[in-house]
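Asks: Quick one: sequence plus predicted model below, questions after.
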Amino acid sequence: MKIGILQTGLVPENLAQTSGEYPAMFERLLGGHGFEFQTWAVVNGAFPDGPGDADGWLITGSRHGVYEDHPWIAPLEQLIRDIVEADKPLIGVCFGHQIIAQALGGRVEKFAGGWSVGPQDYEFPDGRKTVQAWHQDQVVEAPAGAQVVASNDFCRNAALVYPGKAYTVQPHPEFDDTFIAGLIETRAPGVVPQDQLEAATKRLGEPLDSAGFGAQFARFFRERRL
């Protein structure tokens, strides 16, 4: 099964040397599940010809906001609608979670409550899961037909299922402690409140449910279920 990765952001250069770009992180997350991958860097204007170029699709995170005026945003939203119409399974993470919601009629905002950074706990139907987060924007209104399947006190729409069509999550199962530590060091100062950075740093090293998310993503691609 071929998974098309739609890359919507670039990793900071100093971190990319050790962690790779976002598509490489997802290839590691989904490693061992028998997929092949092809990436289109839509952030640089590179798009597939259409939904038929892959058997399933994944949209990455990004430092950009889905509401920003970039020339690739509107074409990406149309591609999302085309993928859904073509009945290809679709997964979105962070920015991907948000752009899919926006493309299908939901609403995304820069959240007034601020940032979520580092390991966070989310309530899923099968229990609590701990996974890395790095975001201020949130889906504040889910599209019609979307089902909320994870949340916490800070993020009400932390994971959404569009039955048989798409599965999207706000946090970052593809991020490890090293990458989060790098973001805290290079991107967060002066942006994220210091007390939050200290709290996130203290939680680094806690067990994460990343492998479980990889298996969940693989199952959704193949079976359209969580």
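Replies: Ah, there it is. Numbers count the residues shown, from 1 in each chain.

Asks: Measure how buried D209 is and give me the count.
Replies: D209 has 20 neighbouring residues, counting by other C-beta atoms under 10 Å. Heads up, the C-betas are built off the backbone N, CA and C, glycines and all.

Asks: pLDDT wise, what is it at?
Replies: Looking at D209, its pLDDT is 98.

Asks: Kindly state the beta-bridge partners for the closest residue to it other than its chain neighbours.
Replies: Distance criterion C-beta to C-beta, 6 or more residues apart in numbering; nearest residue to D209, sequence neighbours excluded, is K129 at 4.2 Å. Legend: beta-bridge partners of K129 under DSSP bridges are Y122.

Asks: Report the contact partners of the residue positioned nearest the centre of the chain.
Replies: With distances taken as C-alpha atoms, centre = their mean, V93 lies nearest the centre of the chain, 1.1 Å away. Residues near V93 by C-beta atoms under 8 Å, 6 or more residues apart in numbering: F26, L58, I59, T60, G61, T168, V169, P171, H172, P173, E174.

Asks: Bridge partners for it, pull those for me.
Replies: So, taking DSSP bridges as the rule, V93 has V169 as bridge partners.

Asks: Tell me the spacing between it and T39.
Replies: 14 Å (C-beta to C-beta, to the nearest Å).

Asks: just so I have it, where are all the strands in this structure?
Replies: 2-6, 36-40, 56-59, 90-93, 107-110, 116-124, 127-135, 137-141, 147-150, 159-162, 166-169 (DSSP state E).

Asks: Need the mean per-residue confidence for the second one.
Replies: Averaged across strand 36-40, the pLDDT comes to 98.

Asks: what separates it from the chain centre, distance-wise?
Replies: 16 Å (C-alpha atoms, centre = their mean, to the nearest Å).
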